[in-house]
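# Quick one: sequence and predicted model below, then my questions.
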Amino acid sequence: MDVIGYLVVTIFVLGVSYGLLLQTKHLLNMKKNKTNTKSSRLWLCSCLRCFSIAGFLISFLLNMLVHLQLIHSHFITSNSTNIFCLVFLTAIIIAKYIITPRDYTKNKLSI
């Protein structure tokens, strides 16, 4: 049973890493093509999402290392890494649904 759990966690980490790669690629494309009228707001949203996904991935990996007892530290505990995961997930949700302009999401879906 432990093997299945580790496999699921590995697939999840690979999926989040792929999402980070796509978000970074989108961020670099936005930097290259500044033709949008709401480019500063989209730029902020993309930067926040990219840094939040990276922070979530790092804190999740640290949580896995703490769980496997590879890190023995008083500063990096399971509780602190869980809190940081929650903070970064909240930042991703805020960037996705609050900071992103509504016109951009409607145009993106209709293409």
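Nice, thanks for sending it over. Predicted model only: the values in this text are computed from it and were never measured.
# Find the centremost residue of this protein, please.
Ile53 (1.5 Å; C-alpha atoms, centre = their mean).
# which residues sit in contact with that residue?
Listed by C-beta atoms under 8 Å, 6 or more residues apart in numbering, the contact partners of Ile53 are 16, 19-20, 23, 88, 92. Using the backbone N, CA and C atoms, a C-beta is placed for each residue, glycine as well.
# number of nearby residues for Trp43?
Trp43 has 15 neighbouring residues, counting by other C-beta atoms under 10 Å.
# Model confidence score at it, please.
As summarised for this prediction, Trp43 has a pLDDT of 82.
# Thr81 too?
Reported pLDDT for Thr81: 88.
# Helix, strand, or coil at it?
helix (DSSP: H, G, I helix; E, B strand; the rest coil).
# Just confirm it contacts Val66, I think it does.
Yes. Look at Thr81 against Val66 with C-beta atoms under 8 Å: they come within range, at 6.2 Å.
# From the contacts of Ile53, which land in helices?
16, 19-20, 23, 88, 92 (DSSP state H).
# Make JSON lines from those and add distance to Asp2, neighbour count and pLDDT to it.
Formatted as JSON lines, the ones in helices among the contacts of Ile53 follow (distance: C-beta to C-beta, whole Å; neighbours: other C-beta atoms under 10 Å; pLDDT from 0 to 100):
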{"residue": "Val16", "distance to Asp2": "21", "neighbour count": "16", "pLDDT": "94"}
{"residue": "Gly19", "distance to Asp2": "26", "neighbour count": "16", "pLDDT": "92"}
{"residue": "Leu20", "distance to Asp2": "27", "neighbour count": "18", "pLDDT": "93"}
{"residue": "Gln23", "distance to Asp2": "31", "neighbour count": "19", "pLDDT": "91"}
{"residue": "Phe88", "distance to Asp2": "27", "neighbour count": "20", "pLDDT": "93"}
{"residue": "Ile92", "distance to Asp2": "29", "neighbour count": "20", "pLDDT": "91"}
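# where exactly do the helices run in this structure?
Along the chain, the stretches classed as helices by DSSP H are 2-32, 39-67, 78-94, 102-110.
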